[in-house]
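1. Sequence unavailable; structure follows:
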């Protein structure tokens, strides 16, 4: 027997709060699963029901998408639904389809990023080629002068893994990093990042930034990066914890990059029941190999992500006294 709608809504809210505080082990439901799970997933989806950026705002206007307690205020917050809080966070698409360029305001200035979405326009076709809310949240966190990440950027040598369009590493260069390097396995993404640097970073900030191809699954390539001078002392990661096959090489890469010096890791990812086993295992292993969580909060609580979104912001610190490989 199904729970009454009011109880289901309460359980969803409690589950969202638990996940947002990092309580992945005890979460009972996921916002997207609640909205589009079960039989509805055969017909409806985020893409069909929310269609961000069209004439309805962040809703497709299809009232039959919303059944029971789950309305668009829960279900359509993955990109941008509350213009009062984040008026400048763009969606990668609009009513006419995928955008080739996104423009938005961040830290008091205009930014322009070029995109190259590929058909089919699902997550696998667009992952490295569009701007994701996790990248925006990480960049906003770093550029918040009253926040808890600015000191991890200023004067540091910063490396971003799986950068895509590289907004976080671009923001690091703008925010005072000594050097900022975006890296991605996808060479088209690297070219897009370089184009964005030319458009958004005047000197001397432009000279502090570079974008290069790097597969963080390749231990030898990561070791080569770690041996170069200057040493990386801040690593940026947005997303990534959505495939179990990536979590172990990602952990190895962090250990290699942070093996010889004090090191900070700034990380943003979407918390989901679908990926919870991977995320829990990764966070556990980070602790076991000496990465200490010094800041952990729901990104939306500080205005870096939209209300209802399930992005979590993490800051890890590792000292030279905690070495070792898994």
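-> Alright, I've got the coordinates. All values derive from a computational prediction rather than experimental measurement.
2. give me the number of residues near the nearest residue to residue 231 once chain neighbours are set aside?
-> Spatial nearest neighbour of residue 231, excluding adjacent residues (Cβ to Cβ, 6 or more residues apart in numbering): residue 261 at 5.1 Å. No exception for glycine: its C-beta is placed from N, CA and C like everyone else's. When neighbours are defined as other Cβ atoms under 10 Å, residue 261 has 15 of them.
3. again with residue 262
-> Residue 262 has 13 neighbouring residues, counting by other Cβ under 10 Å.
4. Quick check on it: phi, psi?
-> With angles defined as degrees, to the nearest 10, residue 262 sits at phi -60, psi 140.
5. before we move on, the earlier item: where does the residue nearest to residue 231 land on pLDDT?
-> The model reports residue 261 with a pLDDT of 83.
6. any idea how far it lies from residue 210?
-> Residue 261 is 20 Å from residue 210, where distance means Cβ to Cβ, to the nearest Å.
7. One more: residue 105?
-> With Cβ to Cβ as the criterion, residue 105 and residue 210 are 25 Å apart.
8. Show me which of these two is the more surrounded one.
-> The neighbour comparison of residue 105 against residue 210 (other Cβ under 10 Å) goes to residue 210, with 18 against 12.
9. out of everything not next to it in sequence, what's closest to that one?
-> Closest residue in space to residue 210, ignoring its immediate chain neighbours: residue 181 at 5.2 Å, by Cβ to Cβ, 6+ apart.
10. ok, and what's touching the helix or strand where the one you found lies?
-> With secondary structure defined by DSSP states H and E, residue 181 is part of strand 179-184. For strand 179-184, the external contacting residues (Cβ atoms under 8 Å, 6 or more residues apart in numbering) are 128, 157-164, 166, 168-170, 172-173, 190, 193, 208-214, 216, 225, 230.
11. Among those residues, which lie within strands?
-> Counted as lying in strands by DSSP state E, out of the contacts of strand 179-184, are 157-161, 209-213.
12. Filter these down to the buried ones.
-> Buried members of the ones in strands among the contacts of strand 179-184, counted by 16 or more other Cβ atoms under 10 Å: 157-161, 209-211.
13. Distance to residue 300 and pLDDT for those - can I get that in a markdown table?
-> Shown next, in a markdown table, are these (distance: Cβ to Cβ, whole Å; pLDDT from 0 to 100):
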| residue | distance to residue 300 | pLDDT |
| --- | --- | --- |
| 157 | 30 | 97 |
| 158 | 24 | 98 |
| 159 | 26 | 98 |
| 160 | 22 | 98 |
| 161 | 24 | 97 |
| 209 | 28 | 98 |
| 210 | 32 | 97 |
| 211 | 29 | 98 |
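14. tell me which of those residues is nearest to residue 257?
-> residue 159 (6.6 Å; Cβ to Cβ).
15. I'd guessed the closest one sits against residue 256; true?
-> No: assessed by Cβ atoms under 8 Å, residue 159 is found out of contact with residue 256, at 11.2 Å.
16. nearest spatial neighbour of residue 253, skipping sequence neighbours?
-> Distances taken as Cβ to Cβ, 6+ apart place residue 216 nearest to residue 253, at 4.2 Å, with adjacent residues excluded.
17. neighbours around the one you found, how many?
-> By other Cβ under 10 Å, neighbour count at residue 216 equals 25.
18. now swap in residue 319 and tell me
-> 13.
19. Contact partners for it?
-> Neighbouring residues of residue 319 by Cβ under 8 Å, 6+ apart: 262, 290.
20. Kindly provide the distance from it to residue 117.
-> For residue 319, the distance to residue 117 (Cβ to Cβ) stands at 41 Å.
21. ok, now residue 300?
-> Residue 300 is 25 Å from residue 117, where distance means Cβ to Cβ.
22. Repeat that for residue 203.
-> 31 Å.
23. Next: residue 234.
-> The separation that residue 234 has from residue 117, given Cβ to Cβ, amounts to 29 Å.
24. When the two are compared, which one has more neighbours?
-> Shown here are residue 234 and residue 117; by other Cβ under 10 Å, residue 234 has more neighbours (27 against 19).
25. Surely residue 294 touches residue 318?
-> No: at 10.4 Å, residue 294 does not count as touching residue 318 under the criterion of Cβ under 8 Å.
26. Between those two, point out the one with more neighbours.
-> Neighbour totals were compared for residue 294 and residue 318, and residue 318 leads with 23 against 12 (other Cβ under 10 Å).
27. my guess is the more buried one contacts residue 293, does it?
-> No: the pair residue 318 / residue 293 is not scored as a contact, 10.9 Å apart, by Cβ under 8 Å.
28. and the closest residue to residue 217 other than its chain neighbours, what is it in contact with?
-> Spatial nearest neighbour of residue 217, chain neighbours left out: residue 249 (4.1 Å); criterion: Cβ to Cβ, 6+ apart. Counting by Cβ under 8 Å, 6+ apart, residue 249 touches 216-217, 219.
29. Read off the pLDDT value for residue 249.
-> 94.
30. Can you list the helices and strands that the host helix or strand of residue 199 packs against?
-> Using DSSP H and E, residue 199 maps to helix 187-200. Contact here means 3 or more Cβ pairs under 8 Å, 6 or more residues apart in numbering; DSSP states H and E; on that basis helix 187-200 packs against strand 109-114, helix 167-174, strand 179-184, strand 209-213.
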